[in-house]
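Q: sequence plus the predicted model coming up.
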Amino acid sequence: MLSWGYGTGFAVFQLYYKQHMHWPASQVSWIGSIQIFLCFLIGMVSGRLADAGYSKHLYAGGAIILIFGMFMTSLATTYWQFLLAQGFCSGIGGGLMFMPATANVATYFKKRRSLAMAINGCGSSTGAILFPAVIQFLTPRLGFAWTVRVCGFIASGLAIIGFFCLKPRDLRRVPAPFLDLKAFKNPDYTVFTLGAFFIYFSLFTMLIYINSFARESVGLSDIESVNFILITNTVAIPARPIFGYIADRYVGPVYTFGLNCIALGVMAFGWMGVHRRADMYAYSVIMGFVNGAAQGIFSSAASNSVKDVRKMGTWIGMVFAICGFATLAGPPTMGAIIDASGGKYIWGQLWVGLTIVIGGSLIILSPRLEVKKTGRIGLV
């Protein structure tokens, strides 16, 4: 809820900053993209330190930095202040918190790992409902500054609960570098990482821009446009455990993730056909479900190539770090395409669809490389 939930819910901030601060879409999106980028990038470091036994230390430190960033956002008045407080502080704090908790869950499960991590990931969708709703509906009553402070107080309570729920597994620790480049000698791991890069170049772009699209292209009000953020994240909650179960029971996490990403790319192409209010609601429901299915299984799919559970945080962290560079460039690229198109979204929507479909196809290809190398047959 505090790392990806707060970051994924940036769409409501995107619209607010654009309308009230009068900044270009590409400039505003740098705040959200840096926040998400640092969640990914810092995850590489925090994942390795979590493997070394510092999960609770990282979680506590990350929570302090993230909550500090929220309160500083409430005091910000210029672009660079918002960028430092919401982009950098919240991103660094979220990265320190997220990876230790995710890798910790993965170490407790093998047969039901996809389902367990999908349930764990439901917090992302829950946070992406909670924080945008608070911002959208309390800002007219309390003002933006005090509304963001309310988010900070909520985050403080959630962080305390999370800290006491986090229980690292007692594993024998082995010395390992922050970068385990030997991982890339595995063709399946390398191709999976490349596919994930393409996917995450555009995945968060859809979530960040759906609010402003509803306001600017469909012509809905500010209050109604935030409904689509809430809808997409609400339907994502049941999608995560459903496809976690399917991955464990029938298809395997990598194929489940890849197929859902291709479906998400198709939904991005379908975005070009949304013109009316009813279209927007129907699209939000379907896209949110498919997006939840894809994101919910990502961590489990990334862990599939990890042969040594003691390196779980390090290997998953490297995938997340590389995806972080994709999320850094994706939303500003979309904003630049929209600005260059005179406010029209169609070329940006086409770009999003192409990159996600290419990435999903690489994900589906990746396990076949492992089978070819090892001669093993079975679900991967």
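A: Perfect, thanks for sending it.
Q: where do the strands of the stretch 151-300 of the chain begin and end?
A: Secondary structure of the stretch 151-300 of the chain by DSSP state E, counting those that start in this stretch: no strands are present.
Q: contacting residues around stretch 146-164?
A: Taking contacts as Cβ atoms under 8 Å, 6 or more residues apart in numbering, the residues outside stretch 146-164 that touch it are 1-2, 6, 56, 59-60, 63, 66-67, 70-71, 73-74, 97, 101, 130-131, 134-135, 138-139, 142. From N, CA and C alone the C-beta is placed, and that goes for glycine too.
Q: mind redoing it with 6 Å?
A: 1-2, 59, 63, 67, 70-71, 73-74, 131, 134-135, 138-139 (Cβ atoms under 6 Å, 6 or more residues apart in numbering).
Q: quick one, what contacts F192?
A: By Cβ under 6 Å, 6+ apart, the contact list for F192 reads S366.
Q: ignore the last one, F257
A: Residues in contact with F257, defined by Cβ under 6 Å, 6+ apart, are 297-298, 301, 363.
Q: for the stretch 151-300 of the chain, which segments are assigned as helices?
A: 187-216, 222-225, 227-246, 253-270, 277-302 (DSSP state H, counting those that start in this stretch).
Q: of the contacts of F257, grab the buried ones for PyMOL.
A: Isolation of the buried members of those (16 or more other Cβ atoms under 10 Å) is achieved in PyMOL through the command below:
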select buried, resi 297+298+301+363
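Q: thinking I316 is in contact with N304, fair?
A: No. Under the criterion of Cβ atoms under 6 Å, I316 makes no contact with N304, lying 10.1 Å away.
Q: higher neighbour count, the two?
A: Neighbour comparison, I316 and N304: the larger count goes to I316, with 26 against 23 (by other Cβ atoms under 10 Å).
Q: helix or strand: which one has that one?
A: With elements taken from DSSP states H and E, the one containing I316 is helix 312-340.
Q: report the angle between the axes of that helix and helix 187-216?
A: Direction vectors for helix 312-340 and helix 187-216, defined by axes from the mean of the first three to the mean of the last three Cα atoms, to 10 degrees, enclose an angle of 40 degrees.
Q: tilt between the next helix or strand after helix 312-340 and helix 187-216?
A: The helix or strand immediately downstream of helix 312-340 is helix 346-374, counting by DSSP H and E. Computed by the same axes, to 10 degrees, the angle separating helix 346-374 from helix 187-216 equals 160 degrees.
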